[in-house]
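K.L.:
got a predicted model here, sequence first, then my questions.
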Amino acid sequence: MIGIDIVKVSRIGNFLEKFGEKGLDRFLSKNEIDLAGGKIETLAGFWATKEAFSKSVGTGIGKDLSFHDMEIWKNDRGQPHLKLSNEKMRQFEIEKIAISITHDGDFAISVATWK
């Protein structure tokens, strides 16, 4: 399955203005917040990735899959990956996840796929 999402980077900037850094806890882990290093473009990419993955499993973000069931990390080459909780890996019968994040102008776009 495949999912895609696009988010306006300025939307995440507005979110930060309204809720401050503490608001990031709503959709990111501490590790993800540290990894983003305060870069709004990166935060937007992380948001888009989690939304894209939730679409790929057909649930969206909600009771069956929360933002905190997923965590984005980067390998030694800086390539992003998405880790899903073991419980959700079993629930959705997922073996492997692949993601891609890109930015263009004021947009962050992400694609997520799994088997």
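P.N.:
Good, I have the coordinates.

K.L.:
by mean pLDDT, point me to the weakest helix or strand of this protein.
P.N.:
When the helices and strands of the chain are compared on mean pLDDT, DSSP states H and E, helix 9-19 comes out lowest with a mean of 94.

K.L.:
could you point out which element follows it?
P.N.:
The C-terminal neighbour of helix 9-19 among helices and strands, as given by DSSP states H and E, is helix 30-36.

K.L.:
what's in contact with that following helix?
P.N.:
21, 24-25, 28, 42-43, 46, 71-74 (CB atoms under 8 Å, 6 or more residues apart in numbering). The way it works is simple: take the backbone N, C-alpha and C, and place the C-beta from them, glycine included.

K.L.:
quick one: mean pLDDT over it.
P.N.:
Along helix 30-36, the predicted confidence averages to a pLDDT of 96.

K.L.:
would you mark the buried spots in that helix?
P.N.:
Going by neighbour count (16 or more other CB atoms under 10 Å), the buried part of helix 30-36 is 32-33, 35-36.

K.L.:
wait, residue 67 sits on residue 28?
P.N.:
Yes: checked against CB atoms under 8 Å, the pair residue 67 and residue 28 is within contact range at 7.3 Å.

K.L.:
more neighbours, the two?
P.N.:
residue 28 (22 against 18; other CB atoms under 10 Å).

K.L.:
look up phi and psi at the more buried one.
P.N.:
In this entry, residue 28 is assigned phi and psi values of phi -130, psi 150 (degrees, to the nearest 10).
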